[in-house]
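Q: Make a model of this:
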Amino acid sequence: MKHEDIIGKRIVLREQREDDAPFFSYWFNQPQIMFQCGFEQPTNEEKEKRIINVSHKSEDSVWFTITDPDGKIIGETGLLRMFPAWHQTDLTIIIPDPEMQNKGYGSEAIRIMLDMAFREYEMHRVSIGVVALNTAALRFYKRIGFRQEGILEEAYYYNNEYSDFIMMRILDREWK
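A: This next block holds a predicted model:
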């Protein structure tokens, strides 16, 4: 789905472009990011361009590159697996550069995306899955208002180690 740029207080959510591929291919190959996001294979710029031009253009999703007001890329966010008949969707956000984390960019992006999900797309439920070993992300989503609803025990495998996968959700009435 195509969407206009969204200008926030400290960030801009804009349509993803091919020239974003170098940023994502660099960061998505970093071991810590691969672990946190569940990326199984290294990527490259061509793969990232295909993802931007094909996967992220599907009818059941909306994706944005997160930038600062000057256009510097901070990360990406999206609503995916949007299922209007059931009024539910999944949320994703990645701010890979540790220098850009803990500055409020993720919180602002999530708030914009939840407003979009609940108000524009009339979703009732937004969910997200988090690797249990990613304790910083779990705290972050709880602070935003997500609630844990399930644990997929040892459902995640990375670097010869199993981890639980935590399913979280927020309902429209909890967001309002």
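Q: For the rest of this, base every contact and every neighbour count on C-alpha atoms.
A: OK.
Q: Leaving out sequence neighbours, find the closest residue to Leu133.
A: Ser163 (6.5 Å; Cα to Cα, 6 or more residues apart in numbering).
Q: So that neighbour is in contact with Ile151, correct?
A: No. Proximity of Ser163 to Ile151 does not meet the contact threshold set by Cα atoms under 8 Å, at 10.2 Å.
Q: Next, please give the residue ranges for the helices of this protein.
A: Counting by DSSP state H, one finds helices in the chain at the ranges 21-27, 31-37, 45-53, 105-115, 135-144, 172-175.
Q: Please enumerate residues in contact with the shortest one?
A: In this case it means helix 172-175. Leu114, Phe118, Met123, His124, Arg125, Gly145 (Cα atoms under 8 Å, 6 or more residues apart in numbering).
Q: which two in those residues are spaced the farthest apart?
A: Farthest pair in these (Cα to Cα) is Met123 and Gly145. Separation: 15.9 Å.
Q: So those two - more neighbours on which side?
A: More crowded of Met123 and Gly145, by other Cα atoms under 10 Å: Met123, with 22 against 14.
Q: Please name the nearest non-neighbouring residue to that one.
A: Using Cα to Cα, 6+ apart and skipping the chain neighbours, the partner closest in space to Met123 is His87 (4.3 Å).
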